[in-house]
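Trainee: I'd like to go over a predicted model; first the sequence, then the structure.
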Amino acid sequence: PDVPSPVSGKDLKYRELTRDFCRLFREFQAEGLFEPNLAYVGVKILELVCLGSLGLCLVLKSGSLAVTGLGILFLNLFQLRIYYFTHEGGHNSLTGNPRMDRLIQAIAYGLCLGFSGGWWRSQHNRHHAMPQRLNHDVDLNTLPLIAFNVAVTKGGQHKSNFFLRHQAQLL
């Protein structure tokens with residue numbers, strides 16, 4: 001008599017997928033893609049210093065509205081770039097030294113963005129524990145400014161909210 005396999009088709013599919021990912025991981029590891037690149041980190045820090053300094057100089061020293069606007073654009077770019085950089089620090093993926101990565105993140109967040117790297121790590125860990133799950137992923141808790149899912153607007157308490165009513169046009 002045929003004895004059913006203890007491994008279902010679904011389990012076999014995931015086992016093969018896991019094997020493929022393990023193979024890909026070993027390839028990337030052999031190519032050194034997971035090794036820290038301190039030159040890259042240095043260039044990123046230099047980029048941030050230049051963007052922030054240029055933006056501040058243009059905003060603070062200019063008498064021209066156009067130049068001030070350009071400075072604001074540079075400061076906006078600085079903020080976007082530093083958010084990404086500190087995100088990498090929070091994931092301990094900058095220097096290969098988790099303590100140094102957390103220190104870089106703490107300094108950058110504290111001095112440049114005005115909040116705590118520890119708070120970010122706490123919130124981000126909660127996000128990774130339940131990504132994209134309503135009422136669990138803290139990154140989806142964005143009301144009243146934006147709704148990532150229509151389900152969060154159920155109940156009618158947000159009907160008068162300008163941002164939610166015009167979200168499609170504003171974004």
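Mentor: Received it, and whenever you're ready, just let me know what you need.
Trainee: Not counting its neighbours along the chain, what's nearest residue 159?
Mentor: Of all residues not flanking residue 159 in the chain, residue 165 sits nearest, at 7.9 Å (C-beta to C-beta, 6 or more residues apart in numbering). Any C-beta I mention is one placed from the backbone N, CA and C, and that applies to glycine too.
Trainee: Tell me how far the one you found lies from residue 83.
Mentor: 28 Å (C-beta to C-beta, to the nearest Å).
Trainee: Residue 108 now?
Mentor: Using C-beta to C-beta, residue 108 is found at 9 Å from residue 83.
Trainee: Neighbour count: the two, which is higher?
Mentor: More crowded of residue 108 and residue 83, by other C-beta atoms under 10 Å: residue 108, with 18 against 14.
Trainee: following the helix or strand containing residue 86, which helix or strand comes up?
Mentor: Residue 86 is part of helix 65-90 when elements are defined by DSSP states H and E. Downstream of helix 65-90, the first helix or strand assigned by DSSP H and E is helix 98-107.
Trainee: Can you tell me what sits against that following helix?
Mentor: With contact meaning C-beta atoms under 8 Å, 6 or more residues apart in numbering, helix 98-107 is reached by 86, 88-95, 116-118, 120-121.
Trainee: From those, pick the one nearest residue 45.
Mentor: Nearest to residue 45 out of these is residue 94 (C-beta to C-beta; 9.7 Å).
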